[in-house]
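Chemist: Generate coordinates for the sequence data below:
(chains A and B)
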Amino acid sequence: MRNVVEAEAELKALMLRARGGDGAAYAALLKTLQGHLRAYYARRLGRSAEAEDLLQETLIAMHSRRETYDPSRPLTAWVHAIARYKLIDYFRRHKRRAEDPLDDADALFGAEDASAAEAHLDVERVLHMLPEKTRRLIRDVKIEGLSTAEAAARHNISESAVKVGVHRGLKALGAKLGEGEGE
Amino acid sequence: MKTDDLIAALSADVAPVRPRAVALRLAFGLAAGIAVSAIIMMLWLGPRPDLMPATHTMPFWMKFFYALTIAAFGFALVDRLARPGGVAGTLALLLLAPVAFMAAMALYRLMEAPPDARMPMMMGQSARVCARNIVILSLPVFVGLFWGLRRLAPTRLMLAGAVAGVLAGAAGTFIYEFHCTESTAAFVAIWYTLGIALMGALGAALGRALLRW
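Modeler: Numbering: from 1, shown residues only, chains lettered A, B, ... in the order given. The predicted structure is shown next:
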């Protein structure tokens, strides 16, 4: 899902099935939207409890008012209008100067957020293809940011073993990701 | 509650959506309001005594045409504004078309009438109560429409409230026409329009507070 057009086609198909009463399609739709919405609110409010509350409020509003979606119009525009309304309403409630966000559906479904979120998912998935030891090393050093010495202490191995393990793991990861792109 | 749990809970309960669900909900509020308004009109004012013969005259139908075209365009607009991101667009101009038409007709009739007949044409017999009566008969419809809108998702609250008010005003006018015996275009263009405009103003004033979701 690299741009709004592709997101639109995929999400709209899910929404149309959900409107027919398909709970699985609906769950898939909400899960996808959750990622977009979380990034949308996080960019404006930071990764905070407020942003998460707003995300949940938006999901509930979308759910209880889903009959207001007109299938002859883009779903992304509908979702964006709700997200934006909830954001402005939040600013109003908190007496913060409502800096009316002059964005459009691209801000919610554009490449930037979506690819960041999906890249994260990809890394998690590919990490699981590695042997467990290597996976733990990479997670500690490259994701949690431990130093080589700390990782060595945690896993009870030498620092050079950590370096070699991480290096091999990354190389393997690179190969796996390369395969993934070819699919 | 964790967001994943929330999503699971929401998708466990996903009733199918009826086609035209927004229009149905608004129509239900509108119809219920009109029914209440009609009962109030019957008990409080009563239908005009010459109702049957009046149906053979042009002014009677002209007045209905006025109220019903405003109501029809108003309904189409509310249906649009009840949805997230809904905008008025050119439909808003259509809503003004019947008003412009009635104003033009009133001017034409006034110009061709002798000067001392003009004031009676504009004031009729009931100028002092007309707009007030229309507002009172519009209130049940206003409540019905706001009931519907509160379950929908307007994002331009003041505008949605104003148009719902105009629609309620046109519906109240429709009911009032069964009572009112006035027959000049000038009277209709001034006092009917005033009643409808007052309802629009009421809707605009209350939209922000009542339509938030």
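
Chemist: residues from chain B in reach of chain A?
Modeler: By C-beta under 8 Å from any C-beta of the partner chain, the residues of chain B that approach chain A are B:1, B:3, B:6-8, B:10-12, B:14-18, B:21-22, B:25, B:82-85, B:151-153, B:155, B:212-213. Heads up, the C-betas are built off the backbone N, CA and C, glycines and all.

Chemist: For PyMOL, what selects the buried ones among those residues?
Modeler: Selecting only the buried members of the residues of chain B next to chain A in PyMOL, with burial defined as 16 or more other C-beta atoms under 10 Å in any protein chain shown, works like this:
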select buried, chain B and resi 3+6+7+10+11+14+17+21+22+25+82+83+84+85+151+152+153+155+213
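
Chemist: Tell me which entries of the residues of chain B next to chain A lie within helices.
Modeler: Helix and strand membership here follows DSSP state H; of the residues of chain B next to chain A, those in helices are B:3, B:6-8, B:10-12, B:21-22, B:25.

Chemist: Using JSON lines, lay out those residues together with pLDDT.
Modeler: As requested, these are arranged in JSON lines below (pLDDT from 0 to 100):
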{"residue": "B:Thr3", "pLDDT": "90"}
{"residue": "B:Leu6", "pLDDT": "94"}
{"residue": "B:Ile7", "pLDDT": "93"}
{"residue": "B:Ala8", "pLDDT": "91"}
{"residue": "B:Leu10", "pLDDT": "92"}
{"residue": "B:Ser11", "pLDDT": "91"}
{"residue": "B:Ala12", "pLDDT": "89"}
{"residue": "B:Ala21", "pLDDT": "95"}
{"residue": "B:Val22", "pLDDT": "96"}
{"residue": "B:Arg25", "pLDDT": "97"}
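
Chemist: what's the burial count for A:Lys171?
Modeler: Applying other C-beta atoms under 10 Å in any protein chain shown, we find 10 other residues in the vicinity of A:Lys171.

Chemist: got the contact list for the closest residue to chain B within chain A?
Modeler: Of chain A, the residue with the smallest distance to chain B, taken as C-beta to the nearest C-beta, is A:Ala81 at 3.2 Å. Residues in contact with A:Ala81 (C-beta atoms under 8 Å, 6 or more residues apart in numbering or on different chains) are B:84-85, B:155.

Chemist: before we move on, what about B:Leu51?
Modeler: Counting by C-beta under 8 Å, 6+ apart, B:Leu51 touches B:Phe178.

Chemist: Model confidence score at it, please.
Modeler: For B:Leu51, the pLDDT comes out at 94.

Chemist: again with A:Ala98
Modeler: Confidence for A:Ala98, expressed as pLDDT, is 50.

Chemist: so where's chain B uncertain?
Modeler: Along chain B, no part satisfies pLDDT under 70.

Chemist: tell me the centre residue of it?
Modeler: Most central residue of chain B, judged by C-alpha distance to the mean C-alpha position with C-alpha atoms, centre = their mean, is B:Leu167 at 2.3 Å.

Chemist: What separation do you get for it and B:Leu145?
Modeler: With the distance defined as C-beta to C-beta, to the nearest Å, B:Leu167 ends up 6 Å from B:Leu145.

Chemist: Please tell me I have it right and B:Phe142 contacts B:Ala164.
Modeler: Yes - the criterion here is C-beta atoms under 8 Å, and B:Phe142 meets it with B:Ala164 at 7.2 Å.

Chemist: Overlap in contacts, these two.
Modeler: B:Gly203.

Chemist: which one of these two has more residues nearby?
Modeler: Neighbours were tallied for B:Phe142 and for B:Ala164 using other C-beta under 10 Å; the higher tally belongs to B:Ala164 (36 against 25).

Chemist: if I read this right, that one contacts B:Gly144, doesn't it?
Modeler: No - with contact taken as C-beta under 8 Å, B:Ala164 and B:Gly144 are classed as non-touching, separated by 9.7 Å.

Chemist: Checking A:Ser72 next. Helix, strand or coil?
Modeler: The three-state label for A:Ser72, taken from DSSP: H, G, I helix; E, B strand; the rest coil, comes out as coil.

Chemist: Quick one, grab the pLDDT at it.
Modeler: A:Ser72 carries a pLDDT value of 92.
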